[in-house]
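Novice: I would like the atomic coordinates for the input below:
(4 chains)
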There are 2 protein chains.
Amino acid sequence: MARTSFKTSTPGKLHEYAAIFSALGDVTRLSIVAKLADGRPQSISKLTENSKLTRQAVTKHLRVLEEVGLVHSVRSGRENLYELDLRPFKDLSEYLEFVSTKWDQALGRLKAFVEES
Amino acid sequence: MARTSFKTSTPGKLHEYAAIFSALGDVTRLSIVAKLADGRPQSISKLTENSKLTRQAVTKHLRVLEEVGLVHSVRSGRENLYELDLRPFKDLSEYLEFVSTKWDQALGRLKAFVEES
DNA sequence: TCCATATGCAATAAAAAGGTTGCATATACA
DNA sequence: TGTATATGCAACCTTTTTATTGCATATGGA
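Specialist: Numbering: from 1, shown residues only, chains lettered A, B, ... in the order given. Next up is the predicted model:
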């Protein structure tokens, strides 16, 4: 099958990956992701419960996650329900796999080169 | 085989993942990772070539990567060679997989619940 | 309608990140 | 020994992040 075109040299793509990594690079946001991984959309107030932060802080974190497509919100009456989106996760998985593969192949070539000399 | 014990509720672990995600959440650092994925350890000066940043800036980025174990350096004469380490990549892969699986299972249960009622 | 609940917006404030510059030190080599 | 190359350290600066607080608005219900 056709290999997915993958260019880490594409600046745009790198920015995209960096943005997703960055969004996940915070304990509070990882906690939010963990809560939302339960499958049930949850309101900002609900997500703020048991948190040491204020509702506003949580709101800002949710926006960061939303900007990179990790969550989306749906208005339901007076509350705003947030739900997880896995697409960015898949993207990162592919990126990690790409680098790992590149690394392994590079090491393989180096090894072969050493042995033949 | 025994499933890897995986607790996202463990604060320590979350901090660890967050630190790795954060280290990768920057275009410059992703570029460095891309260069090092070629397999050959490279000096700071080499990594600074073709960059718009100063050597000092690159040095700081390398330290960020080093702190979370994404790279390590080896002194060679007057230069300091940096090499990529894939372990953190594997960790993130497992984390991403864990959340994805949790999400899929949660959706499965919700779907079953809806259908039985 | 009256009130509690759930949010949104804006103004600050404190801390962390990202970069630069200047100066000192160490190593390779002619 | 002298000089160019490769780094390390520390002081600063600017821009982003992360969080808070105060005030305004909207919705659900008794």
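Novice: touching chain B at all, stretch A:91-111?
Specialist: Yes - Stretch A:91-111 lies within reach of chain B by CB under 8 Å from any CB of the partner chain, at A:92-93, A:96-97, A:99-100, A:102-103, A:106-107, A:109-110. C-beta here means a position set from N, CA and C on the backbone, and glycine is covered the same way.
Novice: Same question for stretch A:19-39.
Specialist: Yes - Stretch A:19-39 lies within reach of chain B by CB under 8 Å from any CB, at A:19-27, A:29-31, A:33-34, A:37-39.
Novice: Make a ChimeraX selection of the buried ones in those residues.
Specialist: Burial among these is assessed by 16 or more other CB atoms under 10 Å in any protein chain shown; the matching ChimeraX selection reads:
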select /A:19,20,21,22,23,24,25,26,29,30,31,33,34,37,39
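Novice: Keep only those of the residues of stretch A:19-39 next to chain B that are in strands.
Specialist: Among the residues of stretch A:19-39 next to chain B, DSSP state E puts none in strands.
Novice: Sort out for me which of the residues of stretch A:19-39 next to chain B are in helices.
Specialist: Here DSSP state H is the test, and the residues of stretch A:19-39 next to chain B give A:19-24, A:27, A:29-31, A:33-34 as lying in helices.
Novice: so which of those residues comes closest to DNA strand D?
Specialist: The closest of these to DNA strand D turns out to be A:Ser22 (CB to the nearest atom of the strand; 6.9 Å).
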